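Provided below for reference: sequence and predicted model.
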Amino acid sequence: MESYHIAGYTFSADIHCCDCIAEWARKELMNEGYSTNDIEDIAMNSGKEYDVGFFAYRSEALIYKLAEVREIDVEDEYSYDSDDFPKIIFADQIEEDEYCGTCHEILP
């Protein structure tokens, strides 16, 4: 894992892995009216054009779509609070083992 790869997210006063944030975003998109097929299409075809790391492609695609729906500027992390929407944790920001607040697995 490179230092600029996404290792997880901070959200609702906890740290979460990419898989758990992707699952959260999937549920939130379903609440917004997206079907399972729509969500899978977003996850498979809306990846970032830059290297986010192996673990974060799905979460990033779904988060960006959800941010678009909710009119959140994820490019400007100062414009929203991590209690309201997930913020990125890069690999180089993790100094020791961090555990996901949802699944309790160690972040990569």
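Yep, it's here.

show the pLDDT at the residue positioned nearest the centre of the chain.
By CA atoms, centre = their mean, the chain has its centre lying nearest to S59, at 4.1 Å. pLDDT, S59: 92.

got it, and D41?
So D41 comes in at 92 (pLDDT).

quick check on it: phi, psi?
phi -60, psi -40 (degrees, to the nearest 10).

how much space between it and Y99?
Separation of D41 from Y99 (CB to CB, to the nearest Å) stands at 32 Å. All C-beta spots, glycine's among them, are computed from the backbone N, C-alpha and C.

state whether the residue nearest to the centre of the chain is indeed within a helix.
Yes. Under DSSP: H, G, I helix; E, B strand; the rest coil, S59 falls within a helix.

for D92, phi and psi?
Main-chain dihedrals, D92, degrees, to the nearest 10: phi -80, psi 0.

look up the closest residue to it, ignoring the ones flanking it.
Closest residue in space to D92, ignoring its immediate chain neighbours: S3 at 3.6 Å, by CB to CB, 6 or more residues apart in numbering.
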